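Undergrad: Structural data only, the sequence is not supplied:
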């Protein structure tokens, strides 16, 4: 299989404010290996009809309906090598799920090309579909009224897994997630966390080479999230699986992904490693002080921006370049009982990144006769 | 092909397990469908207290007519059991995105979407239909010959195939429109035309209607052809109908397949 | 209805016209809803007439085989007109989802809302049903008018004003009868977890005995096993025929004089009986519900 593009293209659009750099993860697969996922100028547009509100509008809606084009994805380029674990981040409606759906062949694009494992996904070749899996956190793929073991058996038939291999893989996954005792219980009686574990087992039974995870940890408690993280890390490393994940939880990203792709308004805004994001988008540090007395606002403003002063407890935001000179200054002039210096939480960095391209996307307004 | 048989068996077994978990509900559904059917049979019995035949010279006297009704019951129960539950669920699957899960599996989507649910309670009507068929054939002057007996099950399959194609077309519409609240209603009203012998559609309005429902939407061939073969003497016209039924079944399967594939390629998927 | 309404009612006294305003809101919202799906709705209403087309051909075939001028007093045209008229009656008396909806609200506990809020549940249901029906008629009048115009040749000459007035009265009563019948069935949900089988039994009887499928005069010759009593004569005493057959038969002039008066009285009595039954069921049901803690 010859790919039209030999080198991965991380840079997406012309108008992106930040110029992405090649990540460590990406450069690792530059070593002549073919990308598992290769996407070029992939675009998806929808025509949506506005539902008129109000009685008079409904009546006039009898005769004409307003429609507009929504650009879910505007010509995206991406290349993912074998064994990469990539996080797709972006605010709601940014196009992450559309992207995953295109890569899984559920929908067809308006323009552009994509190859996953050497196949065009939306041609839905059986050979392709046997080699990847899609897990959607909000959707249930297992039979609701039956024990998961039954769904697994169905999976065996659908994916033509031979019996010995099926049993080996199943037992291995089941033991890893410690779900053997719930295998024979109807799925509807299980908790969300248990169900998600079983969903993952089902998705991995046919040993896919590519795994798409759409918000797999949504609604899970901390323990379940942690279990999933450990499990995914282990399986991914063991099988050298290529994984693309969308999520809103930075914990997922921190635990799992080396490479982060940020999508907003249907464009790739950033493509690189997680560390780089922190590095490049952290403009300040958070310093928490525990003092002997309650300081005044002015006294604290000398050091940085006081976010919070609650009695002797102070939280300061200090610009990163100044931190080396400010810290000794604080220790010298204040009676400090305790001090801690932290990075801005990842959530905030990413939120700022999402906002950085604040301009509203242009949409084409059209009026069409219904 | 063996794999698909096996997968279908798994679907069917899963549905049976489910039905048996909610046994009372299952029994109620059986009783419900038999109840509705009995009401219709009562109506036909009432009609035959006023007339000896449906349409002058059509041969649809009481027993042949009940053989006709029985044939309709058998065909409809097969469609209701095998295809309708999946088709009805499709609306929900499009709305919630469950269809996405089907599309990523290495299986023919049309196969999964039309067969993944089986409603075993719908077979109740079919069993009553078989009983009614035996009863009416035993009381008829005309005994069907060997050829009729060979053709009858094949023509029933043709009828099922035509109805199946209609279900698939409606399913395609569901995928394109994203919703189809009146899918089941539309189905009911359309198949309603197939519930009586084609001969009743005559006259200036009936003739064109009969042609429309024979050649464009071949709904009139579904029950009429097998019922005529089993309940009335085989004539030259009968052979013509047999040929029509087979070609209509083939053509509608083909057309529905093309329409369904086209709909899938335009599938938008629910936004999440 | 003070028995089941807790003290909350005393605190927030409803302002005058509050009920009316809420009702108006319901009317507007459901009208908007209907208009949003007007295409579906008009198509759906038209589709409902399709079975009548089959019935038209069926009865034409029956008449062609019998040579009779009429069956049970109905000519072929009468029968078609009858089916069309029962469509109107059914539009008044049928209450889709009413019984099931009440039973569901009992089952999932949302009925509690009406025990707490200063609203009388039965009146609320009736008001919302009237709103829905009005909206339905406002839009459905177009497809109905179209079909009736196309089919005008099947109808006998328009009856006199008095008959039309009685026809309208019977329609109004059929709406109330249908409402209280189904509401009472739904209230049985307080006693039985699953009322769907009861509703089903009712629907079956309704289907056969309301005259929805055929003019009930055809039952005159069917015996009941009791000598001298035909099925047709029994049916007149039951509530079912007033939800489909009766208004249609009035329009077609099949019932006159004392017979007509007697039938109207029976219908009115049934409305009262079912309204009282519905009240009693609600009162007893809610008492039982609060006693058992829902």
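TA: Ah, there it is. Quantities reported herein were computed from a predicted structural model and do not represent experimental measurements.
Undergrad: what separates residue B:137 from residue B:263, distance-wise?
TA: 42 Å (Cβ to Cβ, to the nearest Å). Using the backbone N, CA and C atoms, a C-beta is placed for each residue, glycine as well.
Undergrad: and the longest helix for chain C?
TA: For chain C, the helix that runs over the most residues, judged by DSSP state H, is helix C:257-291.
Undergrad: Show me what the mean pLDDT comes to for that one.
TA: The average pLDDT within helix C:257-291 is 92.
Undergrad: Could you name the helices and strands sitting against it?
TA: Under the contact criterion of 3 or more Cβ pairs under 8 Å, 6 or more residues apart in numbering or on different chains; DSSP states H and E, helix C:257-291 touches helix C:112-116, helix C:121-150, helix C:161-187, helix C:245-251.
Undergrad: Give the buried residues for that helix.
TA: By neighbour count with 16 or more other Cβ atoms under 10 Å in any protein chain shown, helix C:257-291 contains the buried residues C:260, C:263-264, C:266-268, C:270-271, C:274-275, C:278-279, C:281-282, C:285-286, C:289.
Undergrad: Stretch B:189-207 too?
TA: The neighbour-count criterion (16+ other Cβ under 10 Å) identifies B:189-202, B:206 as the buried residues of stretch B:189-207.
Undergrad: Against chain C, which of the residues you listed make the cut? List them.
TA: With respect to chain C, and counting by Cβ under 8 Å from any Cβ of the partner chain, the subset of the buried residues of stretch B:189-207 in contact is B:189, B:190, B:192, B:193, B:195, B:196, B:199, B:200, B:201, B:202, B:206.
Undergrad: re earlier: compare the helices and strands packed on helix C:257-291 and say which comes out lowest on pLDDT.
TA: Ranked by mean pLDDT, the helices and strands packed on helix C:257-291 bottom out at helix C:112-116, with a mean of 78.
Undergrad: I'd like to know which elements the helix or strand hosting residue B:244 is packed against.
TA: Here residue B:244, judged by DSSP states H and E, is contained in helix B:236-265. Judged by 3+ Cβ pairs under 8 Å, 6+ apart, helix B:236-265 is in contact with helix B:109-115, helix B:146-177, helix B:220-231.
Undergrad: so of the ones you listed, which one's packed in deepest?
TA: The highest average neighbour count among these, using mean count of other Cβ atoms under 10 Å in any protein chain shown, belongs to helix B:220-231 at a mean of 28.
Undergrad: Point out the other elements, helices or strands, that that helix touches.
TA: In terms of contact count using 3+ Cβ pairs under 8 Å, 6+ apart, helix B:220-231 is assigned the packing partners helix B:62-82, helix B:123-138, helix B:146-177, helix B:236-265.
Undergrad: For the last one, what is the distance to the chain centroid?
TA: Per Cα atoms, centre = their mean, to the nearest Å, the displacement of helix B:236-265 from the mean C-alpha position of its chain is 14 Å.
Undergrad: Check the gap between residue B:54 and residue B:142 for me.
TA: Applying Cβ to Cβ, one obtains 16 Å for the distance of residue B:54 from residue B:142.
Undergrad: Revised request: answer the last question for residue A:43.
TA: Computed as Cβ to Cβ, the residue A:43 to residue B:142 distance reads 67 Å.
Undergrad: and the residue of chain C nearest chain A?
TA: residue C:35 (3.9 Å; Cβ to the nearest Cβ).
Undergrad: Name the helix or strand for that residue, please.
TA: Following DSSP H and E, the helix or strand that holds residue C:35 is helix C:18-36.
Undergrad: Same check on residue C:102?
TA: Applying DSSP H and E as the criterion places residue C:102 in helix C:98-107.
Undergrad: so what does that helix touch, helix or strand wise?
TA: In this structure, helix C:98-107 packs against helix C:121-150, helix C:161-187, helix C:196-209, with contacts taken as 3+ Cβ pairs under 8 Å, 6+ apart.
Undergrad: Which elements pack onto the longest one?
TA: So the one you mean is helix C:121-150. Contact analysis of helix C:121-150 by 3+ Cβ pairs under 8 Å, 6+ apart lists helix C:18-36, helix C:38-47, helix C:76-93, helix C:98-107, helix C:161-187, helix C:257-291 as its packing neighbours.
Undergrad: so where's the stretch 1-150 of chain A uncertain?
TA: Screening the stretch 1-150 of chain A residue by residue with the criterion pLDDT under 70, one finds the ranges A:1-33, A:50-65.
Undergrad: can you give me the strands in it?
TA: When secondary structure is read from DSSP state E, counting those that start in this stretch, the stretch 1-150 of chain A shows strands at A:37-49, A:64-80, A:85-89, A:111-116, A:132-136.
Undergrad: Residue A:153: which of these is closest?
TA: Of all the strands of the stretch 1-150 of chain A, it is strand A:132-136 that lies closest to residue A:153, at 16.9 Å by Cβ to Cβ.
Undergrad: The closest one to strand A:111-116, inter-axis angle?
TA: Using axes from the mean of the first three to the mean of the last three Cα atoms, to 10 degrees, the inter-axis angle of strand A:132-136 relative to strand A:111-116 is 110 degrees.
Undergrad: and the stretch 151-294 of chain C, which of its residues are near chain B?
TA: Applying Cβ under 8 Å from any Cβ, one finds that the stretch 151-294 of chain C approaches chain B through C:196, C:197, C:200, C:204, C:207, C:208, C:213, C:214, C:218, C:219, C:221, C:222.
Undergrad: The third one and residue B:32: what is the separation?
TA: Read it as residue C:200. As defined by Cβ to Cβ, residue C:200 lies at a distance of 6 Å from residue B:32.
Undergrad: Likewise for the fourth one?
TA: Taking Cβ to Cβ as the measure, residue C:204 and residue B:32 are separated by 9 Å.
Undergrad: contact partners of whichever strand or helix holds residue A:201?
TA: For residue A:201, the element it lies in under DSSP H and E is helix A:192-204. By Cβ atoms under 8 Å, 6 or more residues apart in numbering or on different chains, the surrounding residues in contact with helix A:192-204 are A:133-135, A:137, A:140-142, A:148, A:151-152, A:155, A:169-170, A:173-174, A:177, A:179, A:182-183, A:187, A:190, A:211, A:216-217, A:219-221, A:223-224, A:227-228, A:231-232, A:235.
Undergrad: does the residue of the stretch 101-250 of chain B found nearest chain A sit in a helix, a strand or a coil?
TA: Shortest the stretch 101-250 of chain B-to-chain A distance, computed as Cβ to the nearest Cβ: residue-wise this is residue B:106, at 3.8 Å. In terms of secondary structure, residue B:106 is coil; the call rests on DSSP: H, G, I helix; E, B strand; the rest coil.
Undergrad: isn't residue B:126 right up against residue B:79?
TA: No: in this structure, residue B:126 sits apart from residue B:79 without contact. The criterion is Cβ atoms under 8 Å, and the distance is 10.0 Å.
Undergrad: Between those two, which has more neighbouring residues?
TA: When residue B:126 is set against residue B:79 and neighbours are counted by other Cβ atoms under 10 Å in any protein chain shown, the residue ahead is residue B:79, at 23 against 20.
Undergrad: max-length helix in chain A?
TA: Across chain A, the longest stretch assigned as helix under DSSP H is helix A:222-239.
Undergrad: counting contacts, what elements does the next helix or strand after it pack onto?
TA: Per DSSP H and E, helix A:222-239 leads on to strand A:242-246 as the next helix or strand towards the C-terminus. When contacts are defined as 3+ Cβ pairs under 8 Å, 6+ apart, strand A:242-246 sits against strand A:85-89, helix A:96-103, strand A:210-214, helix A:250-256.
Undergrad: And residue B:122, how close does it get to chain C?
TA: As judged by Cβ to the nearest Cβ, to the nearest Å, residue B:122 and chain C stand 16 Å apart.
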